[in-house]
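*Asks:* Provide a 3D model corresponding to the input given below.
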Amino acid sequence: VQKSVNEKQWADVIAALPALEALPGLTPDDLKVLATWRLQATQATGDTDGFTAAIENYLSKGYAQPEQIGPMHQQLAAYYNGKQDRAKTVTHYRQFIDATPDAEPEELQTLGKLYLQNSNYTEAAQWLGKAIDVTKSRGARPEEVWYQLRDRCYVELKDQTGRLDNLEALAGYYPNKEYYSRIIAVYQAETKDDRTVMLNAYRVAVADPKGGLATVGGYLGYADTALVAGSPGEAARGLERGMKEGIVPSAGSNQASLQEARAAIELDRKSLPGESTAAAKNPKGEVAVKVGLGYYSTGDYEKAVEMIRLGITKGGVSRLDDANLLLGAALTDLGRRDEAKAAFEAVAGAVGANAYMVRIAGLWLSLLGRQESTPAGG
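*Replies:* Predicted coordinates for the structure are as follows:
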């Protein structure tokens, strides 16, 4: 049989193997040689089923060298994938990954997808996350679909915290209306529609040129929240963007709401100088921050920055997280990115900072980071 192996007469080898394997007194080394011949012969003759069985036998008997284990499990995973045996596919692919410490991100995400196909959402989320982390560690941008698939996992797991972390990272790399709208929907549910959180969430979504909101309800929600908060300018800007994008119908009650917001802006423009003077004399910083919101609403961002900073300096501001987010938004509109970044970073350190407000600051910082990485004219 050794002669047939040397001459690559594989059919003869396969025919002879059963009798050889039945011989008494075979040593472990003898058995390994026979198993190796079966591997070679079945592979050379294109006997896929036989080759697969030979690999499984070779692995189970412990004949494979460490460097052979990973590739062999990878071959088995490919075989069972072709047979549409999902359970065995994921089992062998996992063993391939376990034996491959330097697995590529594409290989890690493949394991995540296989777990997802088997409805093992915990493992799927974990391995998709590893693909993302390895890619980021190399200074590259993870694939958008990896985040999308992980979002599906978190939805199935009802893990809102994990889902938010994933969505916020997704919006940071691939900003669009849909991702921002999903984030806002989670904020709304988790905070029971906290108006302060929602105003800030809508604000960052609409401030992002690549962001926005995906539905009419989103833009109308922003307009309503802004009007109640005393920021009709934001209501108007939100409605105008929604109409420009063809998401918000520009007729009927929507047009009436827009005109109402514009009228309120004009009234604010007339009253703000007097309110500003009064706020400067008031010992409570809360008053100055409120006037700063008025200036932000009217689009006078320089004056908004002045009044918000005055209020923070005076003290007595009940929501420093909110004040710093507003300050950062105004500075962003002025193109003063370093100052805006400092304001957003201050949110996390504010006394009593709301966890969702800190998350919103993170969205702003992601937006600033993308703007900084965009070449001039790009």
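*Asks:* Run a quick neighbour tally on the residue lying closest to residue 248 once chain neighbours are set aside.
*Replies:* Leaving aside its chain neighbours, residue 248 sits nearest to residue 242 (3.3 Å; criterion: CB to CB, 6 or more residues apart in numbering). In this view, the C-beta of every residue, glycine as well, is placed from N, C-alpha and C. Look at residue 242: counted by other CB atoms under 10 Å, it has 25 neighbours.
*Asks:* ok, now the one 4 residues further on?
*Replies:* Each residue near residue 246 was counted by other CB under 10 Å, and the total is 8.
*Asks:* Now it: phi and psi?
*Replies:* Note on residue 246: its backbone torsions stand at phi 80, psi 10 [degrees, to the nearest 10].
*Asks:* Check residue 247 too.
*Replies:* Here residue 247 shows phi and psi, under degrees, to the nearest 10, equal to phi -90, psi -40.
*Asks:* Where does pLDDT dip in the stretch 251-378 of the chain?
*Replies:* 373-378 (pLDDT under 70).
*Asks:* Swap in 80 and give it another go.
*Replies:* 372-378 (pLDDT under 80).
*Asks:* Going along the chain, name the strands of it.
*Replies:* Here the stretch 251-378 of the chain has no strands by DSSP state E, counting those that start in this stretch.
*Asks:* Run through the helices of it in chain order.
*Replies:* 253-281, 285-298, 301-314, 320-333, 337-349, 355-373 (DSSP state H, counting those that start in this stretch).
*Asks:* what's near enough to touch residue 151?
*Replies:* 163, 166-167, 170, 182 (CB atoms under 8 Å, 6 or more residues apart in numbering).
*Asks:* ditto for residue 332
*Replies:* 207, 340, 364, 367-368.
*Asks:* repeat for residue 63
*Replies:* Counted by CB under 8 Å, 6+ apart, residue 63 has contacts 32, 35-36.
*Asks:* May I have the secondary structure class of it?
*Replies:* coil (DSSP: H, G, I helix; E, B strand; the rest coil).
*Asks:* ok, now how distant is it from residue 102?
*Replies:* 24 Å (CB to CB, to the nearest Å).
*Asks:* One more: residue 200?
*Replies:* For residue 200 relative to residue 102 (CB to CB), the value is 42 Å.
*Asks:* got it, and residue 52?
*Replies:* 26 Å.
*Asks:* Please say which of those two ends up with more neighbours.
*Replies:* When residue 52 and residue 102 are compared for neighbours, residue 52 comes out ahead with 17 against 6, by other CB under 10 Å.
*Asks:* Excluding covalently adjacent residues, which one is nearest to the more buried one?
*Replies:* residue 79 (4.9 Å).
*Asks:* isn't that neighbour right up against residue 48?
*Replies:* Yes: between residue 79 and residue 48 there is a contact under CB atoms under 8 Å: 6.8 Å.
*Asks:* ok, those two, which is more surrounded?
*Replies:* Shown here are residue 79 and residue 48; by other CB under 10 Å, residue 79 has more neighbours (19 against 13).
*Asks:* Quick check: which element contains the more buried one?
*Replies:* helix 66-82 (DSSP states H and E).
*Asks:* I'd like to know which elements that helix is packed against.
*Replies:* Helix 66-82 sits against helix 48-60, helix 86-98, with contacts defined as 3 or more CB pairs under 8 Å, 6 or more residues apart in numbering; DSSP states H and E.
*Asks:* Residue 115: what's it in contact with?
*Replies:* Taking CB under 8 Å, 6+ apart, one finds 90, 121, 123-124, 127 in contact with residue 115.
*Asks:* redo that, cut-off 7 Å
*Replies:* Counting by CB atoms under 7 Å, 6 or more residues apart in numbering, residue 115 touches 90, 123-124, 127.
*Asks:* Format the helices and strands packed on helix 66-82 as a markdown table; extra columns: distance to residue 331.
*Replies:* Formatted as a markdown table, the helices and strands packed on helix 66-82 follow (distance: least, CB to CB, whole Å):
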| stretch | distance to residue 331 |
| --- | --- |
| helix 48-60 | 61 |
| helix 86-98 | 46 |
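*Asks:* Kind regards, and thank you for your time.
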